[in-house]
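> Quick one, structure for this:
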Amino acid sequence: LQNLGAKMPTAVIMHGDEGSGKNLFWECVASLYGEYATVVGQDQLEDKFNDWISKRLFVIGDEVLSRQEMRHLKGKLKAMISGKTIQINTKMMPVRAEANHVNMVFLSNELQPNALDASDRRYCVVWTPPKQDRAYYKAVADCAENGGREAFYEYLLKRDLSAFDSHGPAPTTVAKVELIDLGRPNPE
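Residues are numbered from 1 along each chain as shown. A predicted model of the protein is given here:
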């Protein structure tokens, strides 16, 4: 947000209990991008026509992976996350290349939403805290709608990022180590 159009070669995977506020938080972030953000599901991600990603700066993949599809989509996701260009395939139109400026977040209720390589550098994995009571989420949503979103945006714009390395690997978290271990092949 501080560097408009900046492309991160990493993505966030946030997973945990259903109703723990993943969508509430990330849809607030997406609203900061306006028309340049979207939420997609499994169908859009697997479809050969991918014009939904054209001109996007921020994409939320909501429950886009399951155990059956993890390996199948792994390469496609890597290209979306760290590729410099995206091939845009619109129905009845020639395929065209576009500069890739999209930053991605994947949300899931699954214990294992994605199969990560042991040496993964693309994903920052966050396991959500347990679900709170309904009043908590109502207060958060009310806050967001009554100036909280704008205050959050201002906070993000004022963060000192002088030491930030936009080409560095995603941070290693306990949740990431656990997700890598869950995806290890049996021989390992």
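> Tell me the first helix or strand C-terminal of the longest helix along the chain.
Longest helix of the chain, by residue count under DSSP state H: helix 70-82. Sequence order places strand 85-88 as the next helix or strand after helix 70-82, per DSSP states H and E.
> Can you spell out which helices and strands pack onto that next one?
On a contact count with 3 or more C-beta pairs under 8 Å, 6 or more residues apart in numbering; DSSP states H and E, strand 85-88 meets strand 96-99. In this view, the C-beta of every residue, glycine as well, is placed from N, C-alpha and C.
> Can you tell me how far the nearest residue to Thr90 once chain neighbours are set aside is from Ile88?
Counting by C-beta to C-beta, 6 or more residues apart in numbering, Asp51 is the residue found nearest to Thr90 once chain neighbours are left out, at 4.3 Å. For Asp51, the distance to Ile88 (C-beta to C-beta, to the nearest Å) stands at 6 Å.
> How about Leu161?
Remark: distance between Leu161 and Ile88 (C-beta to C-beta) = 30 Å.
> For the residue nearest the centre of the chain, give me its contacts.
In the chain, the centroid-proximal residue (C-alpha atoms, centre = their mean) is Val105; its distance is 0.6 Å. Val105 makes contacts with 11-14, 26, 29, 58-61, as judged by C-beta atoms under 8 Å, 6 or more residues apart in numbering.
> The residue nearest to Thr90 and Asn89 touch, don't they?
Yes: with contact defined as C-beta atoms under 8 Å, Asp51 reaches Asn89; the gap is 7.1 Å.
> Can you give me the first-to-last residue distance of stretch 172-187?
24 Å (C-alpha to C-alpha, to the nearest Å).
> Not counting its own residues, what contacts that stretch?
13, 15, 70, 111-118, 120, 123-127, 170.
> Can you select the buried ones from those residues in ChimeraX?
Buried members of those, defined by 16 or more other C-beta atoms under 10 Å, are picked up in ChimeraX with:
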select :13,15,70,112,113,114,115,116,120,123,124,125,126,127,170
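> in this protein, which spans are strands?
For the chain, the strands defined by DSSP state E occupy 11-15, 37-40, 58-62, 85-88, 96-99, 103-108, 123-127.
> Between strand 123-127 and the longest one, find me the angle.
Orientation note: strand 103-108 sits at an angle of 40 degrees relative to strand 123-127 (axes from the mean of the first three to the mean of the last three C-alpha atoms, to 10 degrees).
> and strand 103-108, C-alpha only, in PDB?
The C-alpha coordinates for strand 103-108 follow below in PDB (Å, rounded to 0.1, in the frame of the first residue of the first chain):
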ATOM      1  CA  ASN A 103      -0.500  -9.700  -4.100                       C
ATOM      2  CA  MET A 104      -2.300 -12.800  -2.800                       C
ATOM      3  CA  VAL A 105      -3.800 -14.100   0.500                       C
ATOM      4  CA  PHE A 106      -5.300 -17.600   0.800                       C
ATOM      5  CA  LEU A 107      -7.900 -18.300   3.500                       C
ATOM      6  CA  SER A 108      -8.900 -21.700   4.700                       C
END
